[in-house]
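1. Quick one, fold the following:
(one chain, ligands or ions: 1)
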Amino acid sequence: MKALVVGGGIAGPATALALAKVGVDVTVLEAWPRGDGEAGSWFTLAPNGLHALDVLGARHLATALGVPSERNVMLGASGAVLGNLSLGVPLDDGTVALTLKRSRLALALADEAGRRGVEVRHGARVVDVSLAGDRAVALLADGSTLEADLVVGADGVHSVVRRAIDPTAVPARYVGLTNFGGITSNTPVAAGLPARQWHFVFGSRAFFGAHPTPSGDVVWFVNQPRPLITPDERARRSHEDWQGELADLFEQDAGPAAELIRSGRLELWADNTHDLPSVARWSRGPVVIVGDAAHAPAPSSGQGASMALEDAVVLATSLRDAGNVDAALAAYEKARRARVERIVAAGARSSSSKIPGRAGRAVRDAMMRLVFRHLVTERSTAWITGHRVQWEPSADRALPSGA
Ligand SMILES: Cc1cc2nc3c(=O)[nH]c(=O)nc-3n(C[C@H](O)[C@H](O)[C@H](O)COP(=O)(O)OP(=O)(O)OC[C@H]3O[C@@H](n4cnc5c(N)ncnc54)[C@H](O)[C@@H]3O)c2cc1C
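-> Now for the predicted structure:
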């Protein structure tokens, strides 16, 4: 079987590794030229995602690039602790989570796929996918076409493949928050932050997260509630403008946010947060979507990449175990849809809690304390991070492969 995977982010190369493992001949088509892996921001892989990487024999790649993360500590604008949660159900070796740069992981996975016989083409933008009998044809921006028995859209939240499957597909939804990410190198603040922890601040005007690294840097991000940032505004404003505005948001709040932002370097800026609560069609003929293309959560869920890695395993095991492509794609969707939509919904709730309401600071802090004591707890989130996709076929015939 020949497969084309559209997208060389996280889902694409992971799907390529998984498909190669079941004997599929795979080509990955990534729109952008090969970069140095330094663009963009950091993210955290939860234990369920690390387990999926383990299944693909690729966890060592993330371990080499990542910083161990174990807990999230939530603080109010005054510095009061509102909650303290583990990042999830640990793996058997005790690993909880890893924080690393998204683009470094994408490149490492793509290189690993290349070592395992997958062709990875950078600078290959797919503009459309159509059906030709029981095969599919991808049209590239340079006018060339490629035909395959399976096309997997791993092309992110604004997926072209999703629209090819269903031209009426609902576009991604703006959740009212923007993302900015940066790093402050070699800062004394790093020593003052507990190691292996995300330090989150529900600030009076925006949300802030910071994580120290063993080398004395601090990785941080800001979610600013505001209307969508237009391409024109993004092009007009300099990093200094943005950093000045972001630091001002935290000037009245306790903690090192303003200092870290002013003295740091922006790596991700003016990024509008979108999510996709429910995509009506995941496949048409031999064309299917995975990762953010099918179910983008708001970044607040901390699960987008982990869900993409789970998808890769489940899609490949479904293809291995079902009699044909139609049955495999149906089994994949059946195994995945309810779980991922539930996680996207949880991510949307967590995003809205980052937007300061009209209630005063003390009322909000009291509410958040209750939330972290009773609603969002290690127990209540164990179904998310304790999930383990399986490579071996299930002995229980009622369960789809991989679930
Ligand atoms: C600020 C921020 C913080 C986040 N934090 C976390 C976190 O802590 N934990 C977590 O698990 N997730 C997090 N996420 C979400 C996570 O980054 C995504 O869920 C994950 O990257 C999804 O992987 P993907 O491969 O589906 O999509 P993407 O990573 O978006 O990759 C899609 C790829 O497809 C390529 N592409 C697009 N269109 C085409 C085309 N037409 N032809 C060819 N190639 C194309 C793109 O160039 C890109 O390389 C965060 C997201 C953001 C924005």
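
2. which ones are touching the nearest residue to Pro297 once chain neighbours are set aside?
-> Spatially, and ignoring its direct neighbours in sequence, Pro297 is nearest to Gly347 (3.7 Å; Cβ to Cβ, 6 or more residues apart in numbering). Just so you know, the C-beta spots here come from the backbone N, C-alpha and C atoms, and that holds for glycine as well. Neighbour list for Gly347: Asp275, Pro297, Ala298, Pro299, Ser300, Ser301, Gln303 [criterion: Cβ atoms under 8 Å, 6 or more residues apart in numbering].

3. repeat that for 7 Å
-> By Cβ atoms under 7 Å, 6 or more residues apart in numbering, the contact set of Gly347 is Asp275, Pro297, Ala298, Ser300, Ser301, Gln303.

4. how about the helix or strand where it lies: buried residues?
-> Gly347 is located in helix 325-352, with elements delineated by DSSP states H and E. Within helix 325-352, the residues that count as buried by 16 or more other Cβ atoms under 10 Å are 325, 328-333, 335-336, 339-341, 343-344, 346-348, 350-351.

5. any idea where the helices of the stretch 1-150 of the chain begin and end?
-> Assigned by DSSP state H, counting those that start in this stretch, the stretch 1-150 of the chain shows helices spanning 11-21, 47-55, 59-65, 102-115.

6. what does the longest one rub up against?
-> The set of residues that contact helix 102-115 without belonging to it, under Cβ under 7 Å, 6+ apart, is 8-10, 13-14, 16-17, 20, 28, 35, 37-41, 43, 58, 61-62, 65, 120.

7. Quick one, which of the residues you listed are buried?
-> The buried subset of the contacts of helix 102-115 (16+ other Cβ under 10 Å) comprises 8-10, 13-14, 16-17, 20, 28, 37, 40-41, 43, 58, 61-62, 65, 120.

8. Quick check: closest non-adjacent residue to Arg163.
-> Nearest to Arg163 is Ala169, by Cβ to Cβ, 6+ apart, at 5.7 Å.

9. Can you give me the distance of the one you found to Ala298?
-> 19 Å (Cβ to Cβ, to the nearest Å).

10. of those two, who's got more company?
-> Ala298 (28 against 17; other Cβ atoms under 10 Å).

11. The more buried one is in contact with Val175, isn't it?
-> Yes - counting by Cβ atoms under 7 Å, Ala298 touches Val175, with 5.1 Å between them.

12. who touches both of these two?
-> Thr273, Asp275, Ala348, Ser351.

13. Regarding the residue in the stretch 1-150 of the chain that the ligand sits nearest to, what are the backbone dihedral angles?
-> Here the residue of the stretch 1-150 of the chain nearest the ligand is Gly9; by Cβ to the nearest ligand atom that distance is 2.0 Å. Main-chain torsions, Gly9, degrees, to the nearest 10: phi -90, psi -120.

14. Good, wrapping up.
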